Structure formats: structure tokens, C-alpha cells
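Colleague: got a predicted structure here, sequence first:
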Amino acid sequence: MKDAKVIPFRALEPASPGLTDAALLAACAAGDPGGLAGLYDRHVDALVRFLSRMAHVDGQDVEDFAHDVFVEAFRHAGRFRHRSSVRTWLFAIAANLAKDRARTSRKRRELEETIRNDTARSHRGPEAQAANRQAMERLREGLTRLSHDQRVVFVMCDLEEIPGIEAARALAMPSGTLYRLLFEARRVLRVAIERGTG
């Protein structure tokens, strides 16, 4: 995986721009890096946006993380079964990688947040510090109350506007489960926001 990180996707010669996503992915399955370059050019912005909205993905790591998603897509292109769009399939890969990484990076993020908060406090007056603490606590409360699956479903369906049925297929999840998770995520975030404005 480390060697794969140095692949400059944008420097690769992409496959024909007229190819569909499925055709580009088939080229990946055949070992053609041009297919990977084409998918990267076409979907990297949406994937970076998706990853940046995940609560447990550090902003500075988003582009590296997106790169890893494309490496995984290239490695597993032959497993694509056309049950969703390629874009949604990439989001599902990203969601699974994020879940794995969340377990190992939590302590590092907490330390970085503590350092940022300490630095911010040293440059603000007491009232601004109190307001900042309250806002951060409301946000933290809402995000920590969402399970990984709730965050994934919320970002895919509400923020990325992927149809629920398509997202459910990509995540190998019954549609009823997806809609239940989406409902729960919306309720938790709404309660967190209302507590802050009440």
C-alpha cells in the first residue's frame, strides 16, 4: 500500500474521456492505470467532499485518504457488481476505510483538538472563549452521538444526494435499515442543534 501512495494519478494518461464509469472500472480490473486516472479525474472532488464531511476524517488527511480509496478501488475493481453507480461504490469503499481508521486515530485527533482549543483560548477574551466552548460542545455532542453507519448514511443521502436505494445497495444494507439510520441521524443532529438554540 505504501508504494501505491506515490502513484501520481493526475500524471497518468487517462483512458478515453468518452468511456462510462463502468468501462473505466473494467479497465482498472484489467490492470490499465488509464482507467484509474479517468476515475480519479472524474470523482476525486466528490470523494474529497464526502470524506471531509465525515466526522472522523482529519481535514489535512482527506486528499491522502481519497488517494487510498482509489488504490483500493483499483485493487478490487473486479468485485464491482453494478448494483450501484461507480461513484456510490467509491463512497462505500471510503466509508469502510474510514470506519477502520477511526479506531486507530481517535486518540491522535483528541490530542490535536486539545492543542487547537488551548491555542484559541490564549488569543480570546473570556466571553468568546465561553461561546466557543458551548458551540464546540454542541457540535461534539451531535457528532459523537452518531454511529459510524449513521454518519455514512447521512452524508451519502442528505449531503451527497445519493438515492437511498442506491446507497443501500452499495453499502450491502437493507433499504429499511438505511432509512432507519438516516431517520435516527437526523433526529440526533436536530436535538443537538435545538439544545444549542434554546
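Modeller: That came through fine.
Colleague: next, give phi and psi for Glu72.
Modeller: The phi/psi pair for Glu72 (degrees, to the nearest 10) reads phi -60, psi -40.
Colleague: ok, Ala170 next?
Modeller: Here is the backbone geometry of Ala170 (degrees, to the nearest 10): phi -60, psi -30.
Colleague: wait, it sits on Ala94?
Modeller: No - counting by C-beta atoms under 8 Å, Ala170 stays clear of Ala94, with 10.6 Å between them. To be clear about C-beta, it is placed using only N, CA and C from the backbone, and glycine gets the same treatment.
Colleague: more neighbours: which of the two?
Modeller: Ala94 (26 against 22; other C-beta atoms under 10 Å).
Colleague: ignoring the adjacent residues along the chain, who's closest to that one?
Modeller: In this structure, Ala94 finds its nearest non-sequential neighbour in Val69, 4.7 Å apart by C-beta to C-beta, 6 or more residues apart in numbering.
Colleague: so how far is Ala95 from the one you found?
Modeller: 10 Å (C-beta to C-beta, to the nearest Å).
Colleague: what count of nearby residues applies to the residue nearest to Ala94?
Modeller: Under the neighbour criterion other C-beta under 10 Å, Val69 is assigned a count of 25.
Colleague: look up how far Cys28 lies from it.
Modeller: The value you get for Val69 to Cys28, if C-beta to C-beta is used, is 13 Å.
Colleague: in stretch 145-162, what's buried?
Modeller: Residues of stretch 145-162 classed as buried by neighbour count (16 or more other C-beta atoms under 10 Å): 146, 148-157, 160, 162.
Colleague: for those residues, could you give me CSV that also reports secondary structure and distance to Glu127?
Modeller: As requested, these are exported to CSV (DSSP: H, G, I helix; E, B strand; the rest coil; distance: C-beta to C-beta, whole Å):
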residue, secondary structure, distance to Glu127
Leu146, coil, 30
His148, helix, 36
Asp149, helix, 39
Gln150, helix, 34
Arg151, helix, 32
Val152, helix, 37
Val153, helix, 38
Phe154, helix, 33
Val155, helix, 34
Met156, helix, 39
Cys157, helix, 38
Glu160, coil, 37
Ile162, coil, 42
